[in-house]
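Novice: I would like the atomic coordinates for the input below:
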Amino acid sequence: MKLDQYDNSLKLNLPEGTVLLKQGTRSGKLYILIEGRVEVKREDTLVAAIDEPGAIFGEMSALLDVDHTANVIAATPVTVYRFDDAKSYLQSDPQVALTVARKLAQRLNTVTTYLVDLKRQYAGHSNHLGMVSEVLASLVYQQTEEFTPGSDRDPGP
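Specialist: Numbers count the residues shown, from 1 in each chain. Below is the predicted model of the structure:
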């Protein structure tokens, strides 16, 4: 994705500490990181610190029509492109949609690889780690249109 292809009116310079996306809300916005570093936090847990130009945030909420699943916070001053109507933006250009699909596939591959490694490490365990096989199967084979993230223990997303 070429970052210089966008209208400069979509470009924002945001200070450190700015909350781009708030977990549990739907903003309809999509961001593309130009420079700086953001932290992705789910509740109080740091999921990732991202400084890769071209990183996209908000696409999961837009594609699944659900609340944002994490907070995205500027860890340094950041420059981003902001699209106020993520769905329309994603539908507007097949190349953009393909780029987002590739990034999502990359994330899924990383998580699946990690879970397979866990499955190998804890195969045969009778404790909760033995459930890795079930978790992996449900992630890989879930094909329904609608789903609710969460668990029986904590049904919230």
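Novice: Residue 28 and residue 63 touch, don't they?
Specialist: No: if you go by Cβ atoms under 8 Å, residue 28 and residue 63 don't touch, sitting 11.9 Å apart. For the C-beta atoms, the positions are set from N, CA and C on the backbone; glycine is no exception.
Novice: pLDDT weak spots in the protein?
Specialist: The chain contains residues with pLDDT under 70 at 1-7, 124-157.
Novice: Residue 115: how many residues sit nearby?
Specialist: Applying the criterion other Cβ atoms under 10 Å, we find 17 residues in the vicinity of residue 115.
Novice: Help me confirm that it is found in a helix?
Specialist: Yes: assignment of residue 115 by DSSP: H, G, I helix; E, B strand; the rest coil places it within a helix.
Novice: where exactly do the helices run in the chain?
Specialist: 59-64, 86-92, 94-122, 132-141 (DSSP state H).
Novice: For these, give me CSV that also has distance to residue 80.
Specialist: Shown next, in CSV, are the helices of the chain (distance: least, Cβ to Cβ, whole Å):
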stretch, distance to residue 80
helix 59-64, 14
helix 86-92, 13
helix 94-122, 15
helix 132-141, 29
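Novice: So which of those is the most surrounded?
Specialist: By mean neighbour count, with neighbours taken as mean count of other Cβ atoms under 10 Å, helix 59-64 ranks first of the helices of the chain at a mean of 19.
Novice: That helix packs against which elements?
Specialist: Counting contacts by 3 or more Cβ pairs under 8 Å, 6 or more residues apart in numbering; DSSP states H and E, helix 59-64 packs against helix 86-92, helix 94-122.
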